[in-house]
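okay, predicted coordinates and the sequence, questions at the end:
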Amino acid sequence: MALGLVVLALLLGAFSGVPGLFLAKRTPGGQKVAATAMGLAAILGLAGCALALGGDVSGQRWFSWPPTGQSVVALDALSAFFLVPVFLVGGLGSVYGLGYWAQTQHQDNGHKLGLFWGWMVAGMALLVISKNAWGFLLGWEIMALSAFFLVATEDKKAESRRAAFVYLVATHVGTLTLFGFFSVWNWTTGSYDLVAVSAGVGLGTLNVLFFLALVGFGLKAGVMPLHFWLPGAHANAPTHVSAMLSGVVLKMGVYGLVRVLFLLPDPPSSWGFLLLALGAVSAVLGVVFALAQHDLKRLLAYHSVENIGIIFMGLGLGLVGRSSHDPVLEVLGLAGCLLHVWNHSLFKTLLFFGAGSVIHGAHTRQIDRLGGLGKTMPFTALMFFVGAVAIVGLPPLNGFLSEFLLYLGFFGAVTRGGYPAVAALAAPLLAVVGALALACFVKVQGAVFLGPPRTEAARRSHEAPASMKLPMGVLAACCLVIGLGPVFVGPVLDAAMAPSLTRALPLVSVSPLESLTLWALVTLVVVLFLGLLMLHRRRRVVTWDGGYARPTARMQYSASSFAQSIVRLFAWVLKPEESGPPVRGTFPQTARWASHVNEVVLDRVLVPGARRLERLASWFRRFQQGLTQNYVAYILITLLGLLGFLVPYGDIVALWTAR
């Protein structure tokens, strides 16, 4: 029953955008049909996931696929866990697009967006339920190509085309790596089925499989330094597409790693420590680069890199527990990893939806050109605030719970696993990430929604329509429900972890979920009381009322000035580029100052390296001069060289020696 509902939802999503191709582009009919179909697909898919997480995982199907004759699709609890954000964000994003990317206002690309949105949802659903490499790769490629066309929705803009091209190159490097991974998998196991590998496989082969999986799935997940495609793609895609990319598509890389790594026998502890190190670097540098951004969507994109780092830290801790045969560390690490997958899908989608509402109302995503939107867009300001509290890990919202599980695991590594370095490094780094994330979102919330408006566009901003408000409200409610009900989340995580754990251990037995539920409720009551008290005592005064008769927006802190001290602290890695004349004299002339931080991998390594390679290879152009006789000579030389391989040199030498 559960699998049937998911397959039906997959098919309905795949065909949701097809009617729009045959309806008039000037009317919203095709988009409404697509949104209705995706909404129905989301309901069916979530119902199937609920049944699977509740224990209905007995059914399986197969479909014909030429290389193997059949490819099995099945639904276990781990697949259902990752399908929840696929269908939830897929359905809510389609509704959100009715207001944000209305077909009547985007006649040239609205129907294309609806088509590839449905295909991307279907591709992710297919790869998650596939238990064979061929079905997995088919779903993976459908997802990858659909995401490429969605990133390139505004293909008339050079920036969008560049971001889509970088994404296409990155995703196909990852796909080619996965082809290598599954080839080695087949050579090792004798099958393309995703089943547990026998214990007799050598460590060298296991290391090859681990490395290929890390590169192939890590590119999709966007962990540093494999994240280089992510900021540009998230910043230039339509905002609800950015939400899908960040909240869901990145998690397909995490799903692939969780699925295959826990099928490998006896992982060495070095795997877990490597994932922990990559996660820590990604988390710290992701939030540092986010602090330096002036573009609201690009800032949120770097926070995706940060949160993927947190997820990798949990996965690394789980592998450390598995290699040391400690079920407590394994459960806490994997539970923190999986719960943060859900949490990030919820609050990051909410934040992107809030950013889209800002762009829809103020027509800019430059943070320093906003301000005062809390007065004209109060609902958006509240929803963005909820997402900000969740992403920095403050109670009583959901981000706190997954990070709390990781803290328990890191400190438990000292007392149970004998790995003091894990807690000595990982726990403080996670705390630093939380502090920097808090500073970043204080900057964003203050610069975008508080103070007076800095520009006329911000002054004329307007609230989002109901079709955009509803998805934000649903996501905010989900963040609150998970944060208030940790004890109810435990059984879901137990079911999702069951296919991967070496020994079943209930999460409630190793973490205080019941007391956390009580404290979350107390915290909510205190916060609501203090909030109502502040509203009752508030006074209306002029912002920056410090003796100025007529204060202006230029007198308030900008986002850049707020983050300047932290940016300078990390200047050794950010390397900010500042432009502007020095201020001289008592009454200096009006000047313009700007700062920019390049992407650390793409702009500083890959692009300069490609240009250097192009210069080194430029000498080869002398052979391409457009002269037919030269090309004929090349062919003749090549032919003579190939014929030379056919000459029996051994016989000639033997005859010459015989003489």
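Looks like it came in fine. Numbers count the residues shown, from 1 in each chain.

quick one, longest helix in this protein?
The longest helix of the chain (DSSP state H) is helix 327-362.

I'd like the mean pLDDT over that one, please.
In this model, helix 327-362 carries a mean pLDDT of 94.

secondary structure class of residue 108, three-state.
coil (DSSP: H, G, I helix; E, B strand; the rest coil).

got phi/psi on it?
phi -80, psi -20 (degrees, to the nearest 10).

what is the neighbour count of it?
11 (other C-beta atoms under 10 Å). In short, each C-beta sits where N, CA and C put it, glycine included.

next one: the one 3 residues further on
A total of 23 residues lie near residue 111 under the criterion other C-beta under 10 Å.

now it: which helix or strand?
Residue 111 belongs to helix 110-129 when assigned by DSSP states H and E.

what's that helix packed up against?
Using 3 or more C-beta pairs under 8 Å, 6 or more residues apart in numbering; DSSP states H and E as the contact test, the elements touching helix 110-129 are helix 2-14, helix 29-53, strand 71-74, helix 77-100, helix 133-151, helix 239-244, helix 250-261.

let's see it at 7 Å
Secondary-structure packing of helix 110-129 (3 or more C-beta pairs under 7 Å, 6 or more residues apart in numbering; DSSP states H and E): helix 2-14, helix 29-53, helix 77-100, helix 133-151, helix 250-261.

indicate which one of the ones you listed is closest to residue 517.
helix 29-53 (19.3 Å; C-beta to C-beta).

mean confidence for that closest one?
93.

and for that helix, what's in contact with it?
For helix 29-53, the external contacting residues (C-beta atoms under 7 Å, 6 or more residues apart in numbering) are 1-3, 5-6, 8-9, 12-13, 16-17, 19-20, 23, 75, 77, 80-81, 83-84, 87-88, 90-91, 94-95, 98, 103, 110-111, 114, 118, 125, 492, 495.

with adjacent residues omitted, what lies nearest to residue 422?
Using C-beta to C-beta, 6 or more residues apart in numbering and skipping residues adjacent in sequence, the residue nearest residue 422 is residue 413, 4.0 Å away.

that neighbour and residue 111: what is the separation?
Distance of residue 413 to residue 111, given as C-beta to C-beta, to the nearest Å: 52 Å.

same check on residue 141?
22 Å.

and if you look at residue 523?
From residue 523 to residue 111 the distance is 46 Å (C-beta to C-beta).

could I get the helices and strands packed on helix 110-129 in TSV, plus columns for mean neighbour count?
Output for these, formatted as TSV (neighbours: other C-beta atoms under 10 Å):
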stretch	mean neighbour count
helix 2-14	22
helix 29-53	22
helix 77-100	26
helix 133-151	22
helix 250-261	24
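
of all the ones you listed, which lies closest to residue 448?
helix 77-100 (17.3 Å).

and the closest one with helix 133-151, angle?
20 degrees (axes from the mean of the first three to the mean of the last three C-alpha atoms, to 10 degrees).

average model confidence for helix 77-100?
95.

identify the spatial nearest neighbour of residue 109, chain neighbours not counted.
residue 153 (5.1 Å).

neighbours around that neighbour, how many?
Residue 153, neighbours per other C-beta under 10 Å, totals 23.

hang on, it packs against residue 108?
No. In this structure, residue 153 is not within contact of residue 108 by C-beta atoms under 7 Å, at 9.7 Å.

how does this structure divide into domains?
267-526, 602-658 (automatic domain parsing).

right, and those domains - which one's nearest residue 223?
That would be domain 267-526 among these, by C-beta to C-beta, at 4.8 Å.

return the distance of that closest one from the chain's centre.
Centroid separation for domain 267-526 versus its chain: 12 Å, with C-alpha atoms, centre = their mean, to the nearest Å.

quick one: average pLDDT of stretch 182-194?
Mean per-residue pLDDT for stretch 182-194: 89.

in that stretch, what's buried?
In terms of neighbour count (16 or more other C-beta atoms under 10 Å), stretch 182-194 has its buried residues at 182, 184, 185, 188, 189, 192, 194.

returning to what we had before: would you reformat the domains of the chain as CSV and include mean neighbour count?
CSV is the format used below for the domains of the chain (neighbours: other C-beta under 10 Å):
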stretch, mean neighbour count
domain 267-526, 22
domain 602-658, 10
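
could the ones you listed go into JSON lines alongside distance to residue 172?
JSON lines is the format used below for the domains of the chain (distance: least, C-beta to C-beta, whole Å):
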{"stretch": "domain 267-526", "distance to residue 172": "20"}
{"stretch": "domain 602-658", "distance to residue 172": "15"}
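
weakest of the ones you listed by average pLDDT?
Among the domains of the chain, domain 602-658 scores lowest, with a mean of 78.

gap between that one and the chain center?
43 Å.

tell me how far the residue nearest to residue 30 when sequence neighbours are not counted lies from residue 1.
Distances taken as C-beta to C-beta, 6+ apart place residue 20 nearest to residue 30, at 2.7 Å, with adjacent residues excluded. From residue 20 over to residue 1 the distance is 31 Å, taken as C-beta to C-beta.

can you show me the strands along this protein?
Assigned by DSSP state E, the chain shows strands spanning 60-63, 71-74, 577-579, 594-596.

end-to-end on stretch 391-399?
Terminal residues of stretch 391-399 are spaced 6 Å apart (C-alpha to C-alpha, to the nearest Å).

the more surrounded of residue 20 and residue 1?
Higher neighbour count among residue 20 and residue 1: residue 20, with 24 against 13, using other C-beta under 10 Å.

thinking the more buried one is in contact with residue 111, fair?
Yes. Counting by C-beta under 7 Å, residue 20 does reach residue 111; the two are 4.3 Å apart.

quick revisit: quick one, which of the domains of the chain is nearest to residue 592?
Once the domains of the chain are compared by C-beta to C-beta, domain 267-526 is nearest, at 12.6 Å.

start to end distance for the closest one?
46 Å.

now residue 495. Nearest residue, chain neighbours left out?
In this structure, residue 495 finds its nearest non-sequential neighbour in residue 77, 4.1 Å apart by C-beta to C-beta, 6+ apart.

what does stretch 559-578 rub up against?
285, 288-289, 291-292, 294, 367-368, 439, 443, 447, 595-598.

return the subset of those lying in helices.
285, 288, 289, 291, 439, 443, 447.

spatially, what comes nearest to the third one if we skip its sequence neighbours?
Residue nearest to residue 289 in three dimensions, not counting chain neighbours: residue 302, with 4.6 Å by C-beta to C-beta, 6+ apart.

then the last one?
The spatial neighbour of residue 447 that comes closest, neighbours along the chain excluded (C-beta to C-beta, 6+ apart), is residue 559 at 3.9 Å.

just checking, residue 423 touches residue 410?
Yes. Using C-beta under 7 Å, residue 423 is in contact with residue 410, at 4.6 Å.

what sits up against stretch 369-379?
357-358, 361-362, 364, 381, 447-455, 457-458, 461-463, 469, 553.

got the CA coordinates for that stretch in PDB?
Taking C-alpha atoms only, stretch 369-379 is exported to PDB below (Å, rounded to 0.1, in the frame of the first residue of the first chain):
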ATOM      1  CA  ARG A 369      19.100  48.300  -0.300                       C
ATOM      2  CA  LEU A 370      16.400  47.100   2.000                       C
ATOM      3  CA  GLY A 371      15.300  48.000   5.500                       C
ATOM      4  CA  GLY A 372      12.100  48.700   7.300                       C
ATOM      5  CA  LEU A 373      10.200  45.800   5.700                       C
ATOM      6  CA  GLY A 374       8.900  44.700   9.000                       C
ATOM      7  CA  LYS A 375       6.300  47.500   8.800                       C
ATOM      8  CA  THR A 376       5.100  46.800   5.200                       C
ATOM      9  CA  MET A 377       5.600  43.000   5.300                       C
ATOM     10  CA  PRO A 378       4.900  41.900   8.900                       C
ATOM     11  CA  PHE A 379       3.900  38.300   8.100                       C
END
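
fine by me, we can end here.
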